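Novice: Just a sequence and a predicted model for now, questions to come.
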Amino acid sequence: MEATERALFESGVRHATEATDGAALDSALDDLGWRDALAVDRRTAVSVLFESQGATTTVSAALDWLLATALGADADAAVAVVLPSLRRCDHPGRLDGDWCVVEGLGTAALDRCSTALVVAQTPDGAATFAVDLGLLTRRPVQGLDPALGLCEVMGEFETAWAAQPKAADWPAAVALGQLALGHELVGAGRTMLELARTHALERMQFGRPIGSFQAVRHRLAESLVALEAAAALLDAAWEDPSPVAAAMAKAFAGRSARTVARHCQQVLAGIGFTTEHPLHRSVRRAIVLDQLLGAGGVLTRTLGAGILSSATLPAAFPL
Amino acid sequence: MELDEFKLAVDVWLDAHTEELACTFEGIGTLDEQMAQLRKVMRLTYDAGFMRMGWPERVGGLGGSNLLRAYLGEVLTARDLVEPGIYSMPEVLAPTMIDYAPEALAAEMVPRLLRGEEIWCQGFSEPGTGSNLASLACRATRDGDAWRINGQKVWTSLAQYAQRCVLLTRTGTTESAHRGITALFIDMDSKGITVRPIETMHGAHEFCEVFFDDVEVPLDRVLGDVDHGWSIAMDLLPYERSTALWHRASYLQRRLEQLVAVAPAGSLDPVAVGEATELLWSFRARSRATQRRLAAGETLGAETSIDKVLVAAAEQVVFDLVAEGLATDVVLGDDPVSQRWRAEFLYSRAATIYGGSAEIQRNIIARRLLGLGADR
């Protein structure tokens, strides 16, 4: 996208996430041509939307759209994608004879679709099954972040009932999803930092704003460092969206967002611990996103174990 | 020359001159050995033209973007041919001369620095002036057609080897703070200069105390304008946090790579290794973005404090792993390779102190990037 086009797109997306949520945000994104943008300039479409979505703590079907297109579905298809179970990033489907056993999570968009894509490992490699949602059981999840609208998806279907499976590049789809969640985590972190910054400037104690105390200033500075580092790693990962690079960027964004949450919660102190203040929404969102499509802690351990067993570091992006 | 073309040319040349360029000592060597190695590598790369790339023609350079310098330092470090701290000093000193020295002086002096014929040092810190640079007291007094310098500097890297010094002096009243500072370009063989190396815990005595006792400096050695030295210091500090840090990223990556290759099985925690790698890669990503902004002609500023906080954090995390994975070498080893791991581990403890402490960087971020107002 060119600079002017990008600026227009960015302000449109930002406005949509500020003004709408859920199904209404899906329509607003369609009006903005987000799915066309995804086909033309995936990096801009994903980074702009997911950072805005994280910043406003809203939800849309965009993660499903992104994964579905990465799995070869039509750009405008009304399908949801079954995500792996919490903390995991492997296939949510497992073949058992003629049956496919499904265990995973669904986004809020799942309820608005009639078909879900389930990726399972088959003897011929990973394959995507398009399944009638009526065949699967859904349990709406309240959990730590009810506003995210997750559901647990379970069940089994006879593979012959599903449409002919398509070969799937699951690692590539997961990598894109991880980059999207990484941007969403950075967005959530930026909102937490802005809330804490505003509070530090306005809240008076000992006759001065608490933002004049070095202990407070350094927590906020540390938060900005964490966010800019995470944003830089995401940017670099887009230049080479390999599974390793995306997993690193996602894990690091999750760790950064949790660091920011810790500092900002401390700066916002009492008011930030109430539901009268919006901070808790971003804190909840950051914790849950960190656990989706590969928990940060798991991805980091996997990275470290791989480095130790191969005695080599992952490819470093060139100058 | 474009970056890709340059990379190829440098790599081919380095492969062809491996023996000539190789380190003549094992492990960390003495500081004398390190300096001799540095001078040799700089001379050879200068004569081959590579060291001149990325610097303006009016100071003996061959033009081209800063990315060329970034790559040269990266590859020399990655091949263990130079120690990045001492190699990267021209990244701060040369831009100061290019931007502020009289044209003829810069044209005469900068090539000597880049070719390794001369070592220069930077006289900023003083015993009473650490984080609060604007409080410096080393005095320069106008006396006829010369300046007379009296006072002391400390933490002056490589002063014992240096032929020149970029010195910040007090020319206004003591209370003039940042308004009464003047930068001078000084010959280190001037009468009245005494250099005393400081013994540091990591064993390489690269830092010095420098005493000035009625040292005479010609008037034409002023950099920029009299009483405006503060802006020079402020302009060059972001340089200290750009190309030099990219070189450091290359060094940290190289050492982490060597660590995971030699650490005994089971000595390292996979989570700690994963976290260190993510942090180091994020710093690389940040530093590369800074290099690209510089190449695009942007002026660097307070945002480079983020790069500095990150490099210090990454360095300490990497060497915490070294102390864990190679504990026997670091704690008990007396062979040259162990000595190097130990010295570098110890030096990493200073990463949050030198070049503007971690606290000062956070103050800059809070005030300039987060708009939290002045701290009290």
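Specialist: Okay, I see it.
Novice: most centrally placed residue in the chain?
Specialist: If you meant another chain, say so; for now it's chain A. Central residue of chain A (CA atoms, centre = their mean): residue A:181, 2.1 Å from the mean position.
Novice: um, chain B though
Specialist: residue B:89 (3.9 Å).
Novice: List the residues that contact that residue.
Specialist: B:119-122, B:157-158, B:244 (CB atoms under 8 Å, 6 or more residues apart in numbering or on different chains). Backbone N, C-alpha and C define where each C-beta goes, glycine included.
Novice: can you do 10 Å?
Specialist: By CB atoms under 10 Å, 6 or more residues apart in numbering or on different chains, the contact list for residue B:89 reads B:38, B:113, B:119-122, B:157-158, B:162, B:240, B:244.
Novice: Could you do residue B:145 as well?
Specialist: Contacts for residue B:145 (CB under 10 Å, 6+ apart) come out as B:216, B:218-220.
Novice: And residue A:122, by the same measure?
Specialist: Residue A:122 touches A:91, A:93, A:95, A:100, A:129, A:159, A:165, A:167-168, counting by CB under 10 Å, 6+ apart.
Novice: Closest one of the contacts of residue B:89 to chain A?
Specialist: residue B:244 (14.3 Å; CB to the nearest CB).
Novice: before we move on, back to that, okay if I get the contacts of residue B:89 as a markdown table plus pLDDT, secondary structure and neighbour count?
Specialist: Output for these, formatted as a markdown table (pLDDT from 0 to 100; DSSP: H, G, I helix; E, B strand; the rest coil; neighbours: other CB atoms under 10 Å in any protein chain shown):
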| residue | pLDDT | secondary structure | neighbour count |
| --- | --- | --- | --- |
| B:38 | 97 | helix | 21 |
| B:113 | 98 | helix | 22 |
| B:119 | 97 | coil | 24 |
| B:120 | 98 | strand | 27 |
| B:121 | 97 | strand | 26 |
| B:122 | 95 | strand | 24 |
| B:157 | 96 | coil | 18 |
| B:158 | 97 | coil | 22 |
| B:162 | 98 | coil | 25 |
| B:240 | 84 | helix | 23 |
| B:244 | 94 | helix | 23 |
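Novice: want to try JSON lines for those residues, with distance to chain A as columns?
Specialist: Listed next are the contacts of residue B:89 as JSON lines, based on distance: CB to the nearest CB, whole Å:
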{"residue": "B:38", "distance to chain A": "22"}
{"residue": "B:113", "distance to chain A": "23"}
{"residue": "B:119", "distance to chain A": "27"}
{"residue": "B:120", "distance to chain A": "26"}
{"residue": "B:121", "distance to chain A": "28"}
{"residue": "B:122", "distance to chain A": "26"}
{"residue": "B:157", "distance to chain A": "26"}
{"residue": "B:158", "distance to chain A": "27"}
{"residue": "B:162", "distance to chain A": "30"}
{"residue": "B:240", "distance to chain A": "17"}
{"residue": "B:244", "distance to chain A": "14"}
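Novice: List the buried residues in stretch A:66-75.
Specialist: By neighbour count on 16 or more other CB atoms under 10 Å in any protein chain shown, the buried set for stretch A:66-75 is A:66-71, A:73.
Novice: The lowest-mean-pLDDT helix or strand in chain A: partners in the sheet, and parallel or antiparallel?
Specialist: Ranked by mean pLDDT, DSSP states H and E, the helix or strand of chain A with the weakest confidence is strand A:166-167, at a mean of 89. Sheet pairing for strand A:166-167, assigned by DSSP bridges, gives strand A:125-132 (antiparallel).
Novice: Give the next helix or strand downstream of the strand it pairs with.
Specialist: Heading C-terminal from strand A:125-132, the first helix or strand you meet, by DSSP states H and E, is strand A:136-140.
Novice: Who are the packing partners of the helix or strand hosting residue B:320?
Specialist: Applying DSSP H and E as the criterion places residue B:320 in helix B:304-325. With contacts taken as 3 or more CB pairs under 10 Å, 6 or more residues apart in numbering or on different chains; DSSP states H and E, helix B:304-325 sits against helix A:214-239, helix B:229-240, helix B:243-262, helix B:270-295, helix B:327-332, helix B:336-348, helix B:358-364.
Novice: now the contacts of residue B:145 as TSV including secondary structure?
Specialist: What follows is the contacts of residue B:145, written out as TSV (DSSP: H, G, I helix; E, B strand; the rest coil):
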residue	secondary structure
B:216	strand
B:218	strand
B:219	helix
B:220	helix
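Novice: Pick out whichever of those residues sits closest to residue B:350.
Specialist: Nearest to residue B:350 among the contacts of residue B:145: residue B:216, at 34.3 Å, using CB to CB.
Novice: Spatially, which residue comes closest to that closest one, not counting chain neighbours?
Specialist: Of all residues not flanking residue B:216 in the chain, residue B:146 sits nearest, at 4.7 Å (CB to CB, 6 or more residues apart in numbering or on different chains).
Novice: swap in residue B:243?
Specialist: Excluding the flanking residues, the one nearest residue B:243 by CB to CB, 6+ apart is residue B:91, at 4.6 Å.
Novice: Helix, strand, or coil at the one you found?
Specialist: helix.
Novice: pLDDT wise, what is it at?
Specialist: Per-residue pLDDT puts residue B:91 at 93.
Novice: same thing with residue B:376?
Specialist: So residue B:376 comes in at 68 (pLDDT).
Novice: Walk me through the domains of the chain.
Specialist: You didn't say which chain, so I picked chain A. Annotated domains of chain A cover A:1-62, A:72-168, A:170-310 [automatic domain parsing].
Novice: could you do chain B instead?
Specialist: If you go by automatic domain parsing, chain B breaks into B:3-92+B:104-117, B:121-228, B:241-369.
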